[in-house]
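S.K.: Next come a sequence and a model predicted from it.
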Amino acid sequence: MSESETNADIPPYRYTAAKAAEIEPRWQAYWADNGTFNAPNPTGELADPTHPRAGAPKLHVQDMFPYPSGSGLHVGHPLGYIGTDSYTRYKRMAGYNVLHPMGFDAFGLPAEQYAVQTGTHPRTTTEANIERYRGQLRRLGLAYDNRRSFATTDPDYYRWTQWIFLQVFNSWFDPDLRKARPIDDLVAEFEAGTREVPGGRAWSQLPAVERRKVIDGFRLAYVSEAPVNWCPGLGTVLANEEVTPDGRSERGNYPVFQRSLKQWMMRITAYGDRLVDDLDALDWPEPVKLMQRNWIGRSRGAHVDFPTDGDDVISVFTTRPDTLFGATYMVLAPEHTLVDAIVPTTWPAGTNPAWTGGAADPAEAVRTYRAAAAAKTEEERTDAKVKTGVFTGAFATNPVNGAKVPVFIADYVLAGYGTGAIMAVPGHDERDWDFAQTFDLPIVRTIETPEDFDGAYTGDGAVINSEFLNGKGVAEAKAAMIAWLEEKGHGRGATTFRLRDWLFSRQRYWGEPFPIVYDETGLPIALPESMLPVELPEVDDFSPRTFDPDDADSEPETPLSRKKDWVHVELDLGDGLKTYTRETNTMPQWAGSCWYELRYLDPHNEKVLVDPENEAYWMGPQRPGDPGGVDLYVGGVEHAVLHLLYARFWHKVLYDLGHVSSFEPFRKLFNQGYIQAYAFRDARGVIVPAEEVVERDGKYYYGDQEVAREYGKMGKSLKNVVTPDEMSEQYGADTFRVYEMAMGPLDVSRPWDTRAVVGSQRFLQRVWRLVIDEETGAIRVTDTPLDPKTRRALHQTIAGVREDMDELRFNTAIAKLIQLTNTLTPLQATSREAIEPLVLMMSPFAPHLAEELWRKLGHEDTCAYADYPVADPAQLVAESVTYPVQVNGKVRGRVEVAPDTAEDAVRAAALAEVADALAGREPRKVIVVPGRLVSVVV
RNA sequence: GUCCCCGUAGACCAAUCGGCAGAGUCGAUGGACUCAAAAUCCAUUCAGUGUGGGUUCGAAUCCCACCGGGGACACCA
């Protein structure tokens, strides 16, 4: 049959996809033209004292902004956006001044890689992608303040990213105050002699270059020659957070090698304590906090010095100084710098042959072991069931009892953690126990261990075999030992972190240039603020130099270094015109997303990053002890460590330097779930288009052939992508929005099912029909008051929906709205008393439809600022309460009583009701749960 | 291996302090409308809560063990 025939029978004024397609763009244009969702600032260009919400309580809600990829949005992406949009529309109607902005995280690898493939400039593709995203988001009716939108690639934006870099560069961390301070303060302290210059030299005696080197060593952003993660396949170095546990790049899955290279670092480790401690002040999901704690990996313990027989001292880190009397051997990482120094020329007399690895002398043993360890992959090292290692031939002295203990090297000790050396206490550490078993090393218990216990005992107990510690508990003994070590000069209390400093430079084109130049000394010089932004220059060849992914010895080469006329620059930085060399690395993709929550507050301010008054209003602490920050930050859990850790770090630096009043960027974090989708494979294992698969009798068919269903991410490779644009065409954006919000709680992942979307459309159709006659288009709303029963249903819905909205339980809120709609549907006429609150409560989910109906109901204005309905408490009291009466846990009857009936009366009525079931037996116990039920036990 | 989260009708999901397992959606079935179909409307259907124990007058909810799914960490001294 033809489509025209199909359409012919549809009532002319029904709410359909075609109707939605007419209504939706019209209201989107209205909102844009009227700046409906502009939020007023307290001060500056975006201040607006006449705005209906000026000076109202504020709410700052933000989504993790997207990277605008070339493939556009699929239906999974906007789930969180629709959630925050519904929430903020509700809060705006409830009286809040709502800030809900959206921007784009637009620097990064994919645009650059695409550019390399096609020869298009990354800016061209990035801008096209952003435009496409903007169109898709607009089409969903998302209520953003578009004046505040930006991309991290805008020079106006990255000017401030560079400015923050300069703040970090020009700061140092004062360990006494536990905060960042201007580098000038440090210089002043050196000059005044109030702070000792490292190495004990006199500041006034130091040559200028030496002074600069000293200062550079304190900066929070510094250049360091250190082992870094070099990824030849990507042609760039990577941060630790960007490398997977099996030693590959998170992006692209290329091998990553450890190379010593000169790179920019950020001293995030200085903030280790605060980054851990301040988690307690945040309203974040516990798993995310846990992941951050694990990543930072703070351990408290002590450094202990073990003198060797030569002049060297092996310093170890231990979290168990209380077990020092049980340290029966030591282990150095194979790469430890002291190894060569302590190795004697021959094996000591009586060396256990099992310790030598069969080598003729210690040097050979070490050489052989090192070679074997280097050849092993990370996986082989960690999966090894049996611990390996070799004796170095050297001994060290346990400072607490003078015992000579053998020193081993073994790859179970990591060079990169602590001091790269441990004291081994096999009695109370599982790894040391395993090693001691293999090498037949002595085991001394220093904590009382339960009888029959075999293995390393790591629990609490009384200290034994430890002279002055005997009888103490573990915690007490730790403190006592640290005090003893410090008094005797054998060690000191210490805290170490698993967290490493943040590797901040990348050898890419498509990133923020550093506002740094070098002079003839090769030392970095910050450009003055007046020279910002340092714009990314146009280059002929923006492709990075990549290499054979397995070529570990390749050297990074930055695309910008090829642009010689940009690299060499003549500047007057205070001592006349001189030639300088620019930094040619660029910043990592995380830089732009480290502070964007702040720029939304004051996006066009040319004087400061954000006006302090605007920052204090939108993000400042709301009460003593409150960290401040975004009121609700919604995004995927995949950013639990990387982005959220870096952003917290930068925010704390800005806080220390007095630029912001909040000490955390995101007060409340919410992880939305994912929308996944089914995919189908035929007998050959080839993916077939999911759209064309049909279900018959619980089996799935593509044409005639049966195909197997699997469940996974939505994506091109699985041929199961559904886009919001398709949904808008088939059903309208409102239907799509309602469906996404109704299909389950926001934080739960679930499968996409296009067929089920029709249910949401039917719901909207019913609401529409309550207001408009489908045949004539006439308004069928009357001013007749509601009957008492329906009125109570209305107010119960209002109360319930408000509660659900506040808790982000949109699925149950929508269920209640459907219920109310279904209550109103059978009524002869629609009462204004019910339909207006319903339309208003619908508007956060189906804003276009709500605006249209609101207008048809006779209102001139947008409903975005209409008062959200409030329940009348008097209407929430039920007329009567029905108590089920249980006898021995089974429902045997019901009694209906007035809501305020006294407990005794309920009890009596209940007992009378179930007299038959009791059959004369005497109730042993009668429990009355007010408002709930009566339970009789016989 | 350790830790965390989750298992409720055919599917997605509700269930307040432990108090009658069902709010809502899809699907299926039947009916109304129609020459018929689609769309729409109305109605019906279906689980005793992954399994086994325990606590309790009462357990989807609390506790223990196991099974299944997802995630994080994985020699960090």
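M.R.: Received it, and whenever you're ready, just let me know what you need.
S.K.: Next, whatever residue of the stretch 651-800 of chain A ends up closest to RNA strand B: phi, psi?
M.R.: At 2.1 Å from RNA strand B, residue A:759 is the closest residue in the stretch 651-800 of chain A, using CB to the nearest atom of the strand. All C-beta spots, glycine's among them, are computed from the backbone N, C-alpha and C. When read as degrees, to the nearest 10, the backbone of residue A:759 gives phi -60, psi -40.
S.K.: swap in the one 5 residues further on?
M.R.: Per-residue torsions, residue A:764: phi -60, psi -40 (degrees, to the nearest 10).
S.K.: Give the pairing partners of the strand or helix carrying residue A:896; include direction for each.
M.R.: If you go by DSSP states H and E, residue A:896 is part of strand A:890-897. Looking at strand A:890-897 with DSSP bridges, its partner strands are strand A:881-887 (antiparallel).
S.K.: shaky segments in chain A?
M.R.: For chain A, the stretches with pLDDT under 70 are A:1-9, A:377-379, A:383-384, A:544, A:696-699.
S.K.: tell me the domain boundaries of it?
M.R.: Here the domain parsing of chain A from automatic domain parsing is A:1-24+A:753-877, A:34-153+A:591-671, A:163-280+A:501-554+A:582-588, A:299-496, A:878-937.
S.K.: what about the longest one, near RNA strand B?
M.R.: In this case it means domain A:34-153+A:591-671. Yes. Using CB under 7 Å from any atom of the strand, domain A:34-153+A:591-671 reaches RNA strand B at A:637, A:641.
S.K.: sorry, back to before: who's in contact with the residue of the stretch 651-800 of chain A closest to RNA strand B?
M.R.: Neighbour list for residue A:759: A:739, A:742 [criterion: CB atoms under 8 Å, 6 or more residues apart in numbering].
S.K.: go again using 10 Å as the cut-off
M.R.: A:735, A:738, A:739, A:742, A:743, A:818 (CB atoms under 10 Å, 6 or more residues apart in numbering).
S.K.: Mean neighbour count, the domains of chain A: which tops it?
M.R.: domain A:34-153+A:591-671 (a mean of 20; mean count of other CB atoms under 10 Å).
S.K.: Now do it: distance from first to last residue.
M.R.: 33 Å (CA to CA, to the nearest Å).
S.K.: from the chain's centre, how far out does it sit?
M.R.: On the basis of CA atoms, centre = their mean, to the nearest Å, domain A:34-153+A:591-671 sits 14 Å off its chain's mean C-alpha point.
S.K.: Assign the nearest residue to residue A:549 once chain neighbours are set aside to helix, strand or coil.
M.R.: Nearest non-adjacent residue to residue A:549, counting by CB to CB, 6 or more residues apart in numbering: residue A:233, 3.3 Å away. Three-state call for residue A:233 (DSSP: H, G, I helix; E, B strand; the rest coil): coil.
S.K.: Pretty sure residue A:233 sits against residue A:551.
M.R.: Yes. With contacts counted by CB atoms under 10 Å, residue A:233 reaches residue A:551, the gap being 9.0 Å.
S.K.: so what's in contact with the two at the same time?
M.R.: In contact with both residue A:233 and residue A:551: residue A:255, using CB under 10 Å, 6+ apart.
S.K.: Which ones among the contacts of residue A:759 also lie next to RNA strand B?
M.R.: Applying CB under 7 Å from any atom of the strand to the contacts of residue A:759, one finds that A:742, A:743, A:818 fall near RNA strand B.
S.K.: For the second one, grab the count of nearby residues.
M.R.: Here the count is done by other CB atoms under 10 Å, and residue A:743 has 21 residues near it.
S.K.: again with the first one
M.R.: Other residues near residue A:742 number 21, with proximity taken as other CB under 10 Å.
S.K.: ok, it touching residue A:816?
M.R.: No. In this structure, residue A:742 is not within contact of residue A:816 by CB under 10 Å, at 11.0 Å.
S.K.: sorry, back to before: from the contacts of residue A:759, which single one is nearest residue A:603?
M.R.: Minimum distance to residue A:603 across these is 31.4 Å, recorded for residue A:738 (CB to CB).
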